[in-house]
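[1] Here is the input, now give the coordinates:
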Amino acid sequence: MRASTMWLCGCSLLAGFVACSGAQTGLSGGDGNPGSDLGDDASGSPTLGESSGGGGSTGFVEKVPEAAPLMVADSACKAGFYQGKFTGTYSSHITVVGVGIPVQGNVEMTLNQQGSSNTQCTINVQGEGVTTESCSDVFTVSGGVISGVADGLFPYYCTMTGTLDCAKKVLENGWIECTYCAVGVIPDGGDKASTDPLAVCEGAGGNFAGVFQANYDTSTLSFTDGVWNGAEDLCTGIGGTPFAACNDGGSPGPEGGPPTNYLRLDAGYGLAPNYGGSGNWTASCLDCEHD
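    Residues are numbered from 1 along each chain as shown. Presented below is the predicted three-dimensional model:
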């Protein structure tokens, strides 16, 4: 009852703000522009949350990467530690009739270059399938996390994966897996040691998974026009059937077909069973040197 009351209070204060979400967007298309496959509303600039800092309103604490980024060859893109913002709206079973509430948080990731120009790497390019490119143009995400709060009260934590295709200047195969809690806090690191995705919550909560993509600006060494779109069906299954874990982005959806079939577009999230959310993100390199 305590959790329900907290969500009710939060939502009652947001009646006039529910429509203020970030762009409803999805995958990048074959042209490398985020949202071209799932809608064209991603062209605007991301709406940033409050500035980060130790003990800020999102609960985010600045940190440095655990290992030095790997950069072995010249490239327009750079290996390094990236930080940025994550915003949008989200609806769930613990909001009033699935009303979307504002989400804000912080993005952290390390990019590692996969090799020199003399070696070849394979990459799964959206709309093209598996292709071969110079490893100097392929950068993988490691230690990718998103942490923050929904409605200024409720913590969430996401892990992320993906590959930066520097030749096309787009993040490919970006994927997030997330847990949110109605009360209490998520333990340090958001550890999901249990197959129960709610094991880290002190009270009610849920989980979702979905796409996480962006363009890359080589002049500013930053991810731009970033979008995310996640659905609870990709963790709980259609009709509430539990999964052992969230979909990894490459496995079939709960009733077959690609996982992107379960993402909703253009304010399609809300009442059961269409729980989920979408929004914007951006990130810039903190320790990269410009050419």
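[2] Which parts of the stretch 151-291 of the chain are strands?
    154-165, 170-181, 205-217, 222-231, 276-285 (DSSP state E, counting those that start in this stretch).
[3] Output those strands as CSV; include the columns distance to Tyr269, mean neighbour count and mean pLDDT.
    From N, CA and C alone the C-beta is placed, and that goes for glycine too. Listed next are those as CSV, based on distance: least, Cβ to Cβ, whole Å; neighbours: other Cβ atoms under 10 Å; pLDDT from 0 to 100:
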stretch, distance to Tyr269, mean neighbour count, mean pLDDT
strand 154-165, 15, 24, 92
strand 170-181, 14, 25, 93
strand 205-217, 10, 26, 93
strand 222-231, 7, 26, 96
strand 276-285, 4, 26, 96
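[4] Relative to Gly256, which of those strands is closest?
    When those are compared by Cβ to Cβ, strand 222-231 sits nearest Gly256, at 15.4 Å.
[5] and Glu255, how many neighbours?
    Number of residues near Glu255 (other Cβ atoms under 10 Å) recorded here: 12.
[6] pLDDT wise, what is the closest residue to it other than its chain neighbours at?
    Excluding its sequence neighbours, the residue lying closest to Glu255 (Cβ to Cβ, 6 or more residues apart in numbering) is Ile238, at 5.4 Å. Model confidence at Ile238, given as pLDDT, is 79.
[7] Going forward, the N-terminal residue is numbered 6.
    That works, and once the first residue is 6, the last one we named lands at Ile243.
[8] how far away is Ile243 from Glu207?
    Separation of Ile243 from Glu207 (Cβ to Cβ, to the nearest Å): 28 Å.
[9] do the same with Cys126
    Using Cβ to Cβ, Cys126 is found at 43 Å from Glu207.
[10] And those two? Which one has more around it.
    Neighbour totals were compared for Cys126 and Glu207, and Cys126 leads with 17 against 13 (other Cβ under 10 Å).
[11] wait, isn't that one in contact with Thr137?
    Yes: under the criterion of Cβ atoms under 8 Å, Cys126 makes contact with Thr137 at 7.1 Å.
[12] what are the bridge partners for the closest residue to Ala236 other than its chain neighbours, then?
    Of all residues not flanking Ala236 in the chain, Gly281 sits nearest, at 3.8 Å (Cβ to Cβ, 6+ apart). Counting by DSSP bridges, Gly281 is bridged to Ser96, Ala236.
[13] and Gly281, what does it touch?
    The neighbourhood of Gly281, defined by Cβ atoms under 8 Å, 6 or more residues apart in numbering, consists of Tyr95, Ser96, Phe213, Gly215, Asn234, Gly235, Ala236, Glu237, Asp238, Leu268, Arg269, Tyr274.
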